[in-house]
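Engineer: One predicted model, sequence on top.
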Amino acid sequence: LFTSLQPFFSRRSSESFALTSTFPGSDFEVNDTSTMKFVSAVSFLLVGSAAAFAPAPATFTRTAANSHASTALNMAADEGPVRIGTRGSPLALAQAYETRRLLIENFPELAEDGMIEICVMKTQGDMILDKSLMELGGKGLFTKELDVALLGNEVDICVHSMKDVPTWLPEKTVLPCNLERETTNDAFIHKDGSVKCIADLPDHSVIGTASLRRQSQIMAQNPTLKCVNFRGNVQTRLRKLDDGVVDATLLAIAGLKRMSMDGCATAVLDWDEMLPAVAQGAIGIQCRSEDERSLKLLAALNHPETKATVDCERGFLEALDGNCKTPIAGQAKVVDGKIHFRGLIAMPDGSQKFTISSEGNVEDAVEIGRKAGEEIKAQAGDAFFKMMVEMSPQQVLGQITK
């Protein structure tokens, strides 16, 4: 595990601040000379406002923030350290340290000792691993405690895997920055590597995944396959696979790449075989809406093409009011200056599936996604969504395991 994170730790060999953290799912502590501030997770719910989430259409012209970044932020040293809030999983830490690297690259004054702190906290989704995300309630399971710390001025920015972020944000917060996106596809990982794709799995094989999106697309290909709840960090899931708990599993290739673990993948699935989750492979950074310093920092880090595609996909999800009881997939990419979007909704057992494709101008990214969501909603019909709303988690799981 430490070896997989070494590229991120080695970048800060010249700094001095103290890190001692037990990584979730591991049996040891990592001790290193980097600063880490531990923030207690506060477990209460935030009331979100749909109006608070208003993704700005992205353009493909970098602003002057990059070339004049240091000048604009020369007051940084007088304002104290930049405090980065993050979950404590190896993947989340890799993403936080990548954010730190980019901040220093764009603002060299932040390379001074103590100018950036990594603040680690556990979320509800990290702490309860014996239940599916659907049973826990779905939205915000990996973000609420970070929201609390941000609004309480315990951190200045929060680094998220975008697919974990609800389409609404707490009032007085914004998400103005997406880092350049990694490959969005899912990786198929077989226990011994002898099977290269879902279609070649023997009947009645057991696949470990907590994602209804993956489960519905798997079972649409072969209804005899059995999907079982499979949660925990990447290392925990791979250990379960090695122990023979399941025959295969699926993980986002982006996360594996960020930890230099993509060699574990048996195959990378194309969109026709497994359409990825909305915002998969993207990192988002949140801050307080009136924090001018953080807004300037994040403007320099934002990748406009990624922002446009993620906003399009989240527009689709917002139109569907998606939650962890509804299998939803959506992906956008920019080709020749145009946004191309593909979306999918399905029944959890794969018995019904609806798809949609659309395209348009980049500046219309959010509207393209929302319109696609409205169209697929009409295509599926009211009965489909009424059934999904009324179905209990136990009924959904019953469909999958029947």
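Structural biologist: Received the coordinates, thanks.

Engineer: is it true that residue 255 touches residue 91?
Structural biologist: Yes. With contact defined as Cβ atoms under 8 Å, residue 255 reaches residue 91; the gap is 4.9 Å. In this view, the C-beta of every residue, glycine as well, is placed from N, C-alpha and C.

Engineer: Overlap of the contact sets of these two?
Structural biologist: Taking Cβ atoms under 8 Å, 6 or more residues apart in numbering as the contact definition, residue 255 and residue 91 share the neighbouring residues 161, 234.

Engineer: Check the gap between the residue nearest the centre of the chain and residue 273 for me.
Structural biologist: The central residue of the chain, meaning the one whose C-alpha is nearest the mean C-alpha position (Cα atoms, centre = their mean), is residue 161 at 2.6 Å. The spacing between residue 161 and residue 273, counted by Cβ to Cβ, to the nearest Å, is 22 Å.

Engineer: One more: residue 287?
Structural biologist: Applying Cβ to Cβ, the value for residue 287 to residue 273 is 37 Å.

Engineer: Which one of these two is surrounded by more residues?
Structural biologist: A side-by-side neighbour count of residue 287 and residue 273, using other Cβ atoms under 10 Å, places residue 287 first with 23 against 17.

Engineer: Specify the local secondary structure of the more buried one.
Structural biologist: Three-state assignment for residue 287 (DSSP: H, G, I helix; E, B strand; the rest coil): strand.

Engineer: Within the helices and strands, which one has the residue lying closest to it once chain neighbours are set aside?
Structural biologist: Beyond its immediate neighbours in the sequence, the residue positioned closest to residue 287 (Cβ to Cβ, 6 or more residues apart in numbering) is residue 294, lying 3.8 Å away. Secondary structure assignment for residue 294, by DSSP states H and E: helix 292-301.

Engineer: How about residue 358?
Structural biologist: For residue 358, the element it lies in under DSSP H and E is strand 353-361.

Engineer: Same check on residue 345?
Structural biologist: Mapping residue 345 onto the secondary structure by DSSP H and E places it in strand 338-346.

Engineer: same for that strand, what does it pack against?
Structural biologist: Packing partners of strand 338-346 (3 or more Cβ pairs under 8 Å, 6 or more residues apart in numbering; DSSP states H and E): helix 212-221, helix 304-320, strand 328-335, strand 353-361, helix 365-380.

Engineer: Buried residues in the first one, which are they?
Structural biologist: Put plainly, it is helix 212-221. For helix 212-221, burial by neighbour count (16 or more other Cβ atoms under 10 Å) applies to 212-220.

Engineer: what about dumping the CA coordinates of that helix to CSV?
Structural biologist: The C-alpha coordinates for helix 212-221 follow below in CSV (Å, rounded to 0.1, in the frame of the first residue of the first chain):
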residue,chain,number,x,y,z
LEU,A,212,-26.6,-0.9,-8.8
ARG,A,213,-25.4,0.7,-12.1
ARG,A,214,-22.9,-2.1,-12.6
GLN,A,215,-25.2,-4.8,-11.3
SER,A,216,-28.0,-3.9,-13.7
GLN,A,217,-25.7,-3.9,-16.8
ILE,A,218,-24.1,-7.2,-15.7
MET,A,219,-27.4,-8.9,-15.3
ALA,A,220,-28.7,-7.5,-18.5
GLN,A,221,-25.9,-9.5,-20.2
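
Engineer: quick one on the thing from earlier: run the chain-centre distance for the helix holding residue 294.
Structural biologist: In terms of Cα atoms, centre = their mean, to the nearest Å, the gap separating the centre of helix 292-301 from the centre of its chain is 21 Å.

Engineer: and it, what does it pack onto?
Structural biologist: Based on contacts counted as 3+ Cβ pairs under 8 Å, 6+ apart, the elements that helix 292-301 packs against are helix 69-72, helix 90-106, strand 157-161, strand 173-178, strand 283-288.

Engineer: what's the angle between the last one and helix 90-106?
Structural biologist: Taking axes from the mean of the first three to the mean of the last three Cα atoms, to 10 degrees, one finds that strand 283-288 is oriented at 70 degrees with respect to helix 90-106.

Engineer: Tell me which strands strand 283-288 pairs with, and in which orientation.
Structural biologist: strand 157-161 (antiparallel), strand 173-178 (antiparallel) (DSSP bridges).

Engineer: which one of these lies closest to residue 345?
Structural biologist: strand 157-161 (21.6 Å; Cβ to Cβ).

Engineer: what element comes up after the closest one heading to the C-terminus?
Structural biologist: Per DSSP H and E, the first helix or strand lying C-terminal to strand 157-161 is strand 169-170.

Engineer: list the helices and strands that following strand packs on?
Structural biologist: Contact partners of strand 169-170 among helices and strands, from 3+ Cβ pairs under 8 Å, 6+ apart: strand 48-49, helix 144-151.
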